[in-house]
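Undergrad: Give the three-dimensional model of this entry:
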Amino acid sequence: MAGWGATSNVRAVARAFTQASKEAEKKCAKKNLNLAANILRKAKQNAPVGESGNLRRSGRIETKGPTTSLYSQIWVVFGGQGTGVDYATYQELGTSFFSGKFYLLRAVREYAPKFLPANREGFEEAWDKAVVRASMSKLI
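TA: Below is the predicted model:
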């Protein structure tokens, strides 16, 4: 019978850490989406404003996959189909006639250093919670 108790404890610990992994993934995905929103906000501030302001208004976040997953893809986009702004790339990178404004690149450079710490923080919080949960229920 001693083996049965040890096996059920191992299973309970495994469940606690599996749950922690799911929580960590959701936290990190949310932090990534928040970083994308901050990048968008900063890029809109940096974007050149012409007479219409269409370039700034065309900025948006696009995602592919569930936003609660680390496997989702998140893009900050300006211009494109249906926006009436077909010059966003030229404003960002420039042409042979004028230099680029780099409004998006400057925003990404500002927030890129925060990407890994935000993900590490999300995982650490979830794992710490799992260890506490497991130790409180006398699983480990």
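
Undergrad: Please make it C-alpha for all contacts and neighbour counts, starting now.
TA: Will do.

Undergrad: can you give me the helices in the protein?
TA: Secondary structure of the chain (DSSP state H): helices located at 2-46, 54-57, 88-93, 103-111, 115-136.

Undergrad: Mind checking those for the one nearest to residue 82?
TA: helix 54-57 (11.9 Å; CA to CA).

Undergrad: how many neighbours does residue 132 have?
TA: Residues near residue 132, counting by other CA atoms under 10 Å, number 14.

Undergrad: where does this protein dip in pLDDT?
TA: Applying pLDDT under 70 to the chain flags residues 1-8, 134, 136-140.

Undergrad: at 80 what do you get?
TA: Scanning the chain for pLDDT under 80 picks out 1-14, 16-17, 20-21, 70, 118-119, 122-123, 125-140.

Undergrad: Compare the helices of the chain and report which one is nearest to residue 67.
TA: Residue 67 lies closest to helix 2-46 among these, at 6.4 Å (CA to CA).

Undergrad: doesn't residue 27 make contact with residue 69?
TA: No: the criterion here is CA atoms under 8 Å, and residue 69 misses it with residue 27 at 9.1 Å.

Undergrad: neighbour count winner among these two?
TA: residue 27 (22 against 17).

Undergrad: How about the more buried one: what's its closest non-neighbour residue?
TA: Leaving out its chain neighbours, the residue that sits closest to residue 27 by CA to CA, 6 or more residues apart in numbering is residue 122, at 5.5 Å.
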